[in-house]
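Novice: Can you look at this prediction? I've put the sequence above it.
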Amino acid sequence: MSEIVFVSPSKYIQGKNALEKIGKHVKETASKKPLILSDETVWGITGEAIEKSFKEEDLAYHYVEFNGEASWNEINRITDEGKSESVDAVIGVGGGKTLDTAKAIADQLETGVIIVPTTASTDAPTSALSVIYSDKGVFESYNFYKKNPDLVLVDTKVVAGAPPRLFASGIADAMATWVEARAAIKSNSDTMAGGKTSIAAKAIAETCEKTLFDYGQAAYKAVKEGLVTKQVEAVVEANTLLSGLGFESGGLAGAHAIHNGFTVLDGDIHHLTHGEKVAYGTLTHLVLELHPEKEIRKYIDFYQSLGLPTTLKDLHLENASYEDLVKVGEAATSDADTMGNLSPEITAEDVADAILAVDQLSK
Ligand SMILES: NC(=O)c1ccc[n+]([C@@H]2O[C@H](COP(=O)([O-])OP(=O)(O)OC[C@H]3O[C@@H](n4cnc5c(N)ncnc54)[C@H](O)[C@@H]3O)[C@@H](O)[C@H]2O)c1
Ligand SMILES: [Zn+2]
């Protein structure tokens, strides 16, 4: 098959205080009683604005607190609650795991889904898929849906107020977009959208990287001071919209496969964010793809300026055995993952060696 496929959410809204009008947007989707999924921290930040806006529009809702893992047990628990409460839509408010869980629940309930990212930490908001983990946080699978979210609503004031580490993590997740799409295009692979990469997705992925190199450092400095500048707005869009469209319809390859591989290890690496593991995965991908040292160094310097991990010590893997790294490689090169889009010939040992090579380059 050589069809191109491009998918996207129906609507994307981003701006300061965008949350104040959430009720109006929910009403537009014809929902009368959505399920709102969030966690204690995030609801403490957003709950008041959401409640106020719902009241203004005379809307009801049923609130459920998220347990923290995008696992089938959690998805099924909340789906049952949604059924017994007869909700007619699902709204996810929070980080990537909350949003992925919300999408899975909406799919099971066959309702619409509204996504409210409260941190620009991943490119999960726009996609028609969830990343599913075990209750213990080990990567299990990608779960695909018939359609993308009906609405993605980003309040940049909320996002810029999240911990800067999450903002940097989102930059790292977004930096993988062009690296992986370029590899998928080269190998003529299918993307997560189920077809070949369109010119549109290629342009979006390329612009994503350019935006981050241009404004990433300035935006990171700004959010550290709690500012919402033009640079912050640009990077939030790159982390969320450009990266989301760019990865899903552009193609994944080595960086995310290596991220998923890292999740099989025990220990402190589980305390790293998705984006932090992806940063190291991206560097490993670039080594496997034989990029000149000068080019890889540009990425390393950029990541280091954002406090992202570039050494094994940063990953808490300085004491990992070679066998452990081969385990990461085995998971990364399994048929269930996307390493084949970089090259189907890459072995688990190749991955382990490249992980060690990144450490040498970074030190
Ligand atoms: N479906 C996709 O297309 C896709 C794409 C990329 C990543 N992902 C998934 O996303 C997940 C990672 O998401 P994540 O990095 O956001 O982590 P997360 O969802 O595990 O945690 C986010 C944390 O940030 C906190 N938080 C959120 N907003 C905040 C705010 N404004 N202020 C203070 N704290 C705030 C939350 O309470 C939570 O503790 C992984 O499971 C990954 O696989 C999915
Ligand atoms: Zn990612």
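Specialist: Sure thing, it's come through. Numbering: from 1, shown residues only. Ligands and ions are numbered 1, 2, ... in the order given.
Novice: and the closest residue to residue 19 other than its chain neighbours, how many residues sit next to it?
Specialist: By the measure of CB to CB, 6 or more residues apart in numbering, the closest residue to residue 19 outside its immediate chain neighbours is residue 155, 4.1 Å from it. Placement of C-beta: from N, CA and C, glycine included. Residues near residue 155, counting by other CB atoms under 10 Å, number 26.
Novice: Would you check that residue 155 makes contact with residue 13?
Specialist: No. Contact criterion CB atoms under 8 Å: residue 155 and residue 13 do not qualify, at 9.2 Å.
Novice: hmm, stretch 303-320 in reach of ligand 1?
Specialist: No. Stretch 303-320 lies out of reach of ligand 1 by CB under 6 Å from any ligand atom, never closer than 12.8 Å.
Novice: how about residue 177, what does it touch?
Specialist: By CB atoms under 8 Å, 6 or more residues apart in numbering, residue 177 lies in contact with 123, 205, 208, 209, 242, 243, 246, 247, 250.
Novice: Closest one to ligand 1 out of those, please.
Specialist: residue 123 (5.0 Å; CB to the nearest ligand atom).
Novice: Just to be sure, that closest one is in a strand?
Specialist: No. Membership of residue 123 in a strand is not supported by DSSP: H, G, I helix; E, B strand; the rest coil, which gives coil.
Novice: So the nearest residue to it once chain neighbours are set aside: helix, strand or coil?
Specialist: Residue nearest to residue 123 in three dimensions, not counting chain neighbours: residue 243, with 3.7 Å by CB to CB, 6+ apart. For residue 243, the assignment made with three-state DSSP gives helix.
Novice: tally of neighbours for residue 243?
Specialist: Residue 243, neighbours per other CB under 10 Å, totals 33.
Novice: now the residue in the chain sticking out farthest from the centre: how far from residue 93?
Specialist: The outermost residue of the chain, judged against the average C-alpha position, is residue 58 (32.9 Å), by CA atoms, centre = their mean. Here residue 58 is placed at a distance of 20 Å from residue 93 (CB to CB, to the nearest Å).
Novice: circling back: how far away is the residue nearest to residue 19 from ligand 1?
Specialist: Relative to ligand 1, residue 155 is positioned 9 Å away (criterion: CB to the nearest ligand atom, to the nearest Å).
Novice: which ones are touching that residue?
Specialist: 15, 16, 17, 18, 19, 46, 116, 118.
Novice: Please list only the buried members of those.
Specialist: Buried by 16 or more other CB atoms under 10 Å: 18, 19, 46, 116, 118, out of the contacts of residue 155.
Novice: ok, of these, which one's closest to residue 99?
Specialist: Taking CB to CB as the measure, residue 116 is the one of the buried ones among the contacts of residue 155 closest to residue 99, at 8.2 Å.
Novice: Then the closest one would be within a helix, right?
Specialist: No. Looking at residue 116 with three-state DSSP, it is strand, so not inside a helix.
Novice: so what's it bridging to?
Specialist: Residues in a beta bridge with residue 116, per DSSP bridges, are residue 93.
Novice: quick one: the strands in the stretch 201-350 of the chain?
Specialist: Assigned strands in the stretch 201-350 of the chain: none (criterion: DSSP state E, counting those that start in this stretch).
Novice: And whichever residue of it sits closest to ligand 1, what's its pLDDT?
Specialist: When scored by CB to the nearest ligand atom, the stretch 201-350 of the chain has residue 274 as its residue closest to ligand 1, at 3.7 Å. Confidence at residue 274, expressed as pLDDT, is 96.
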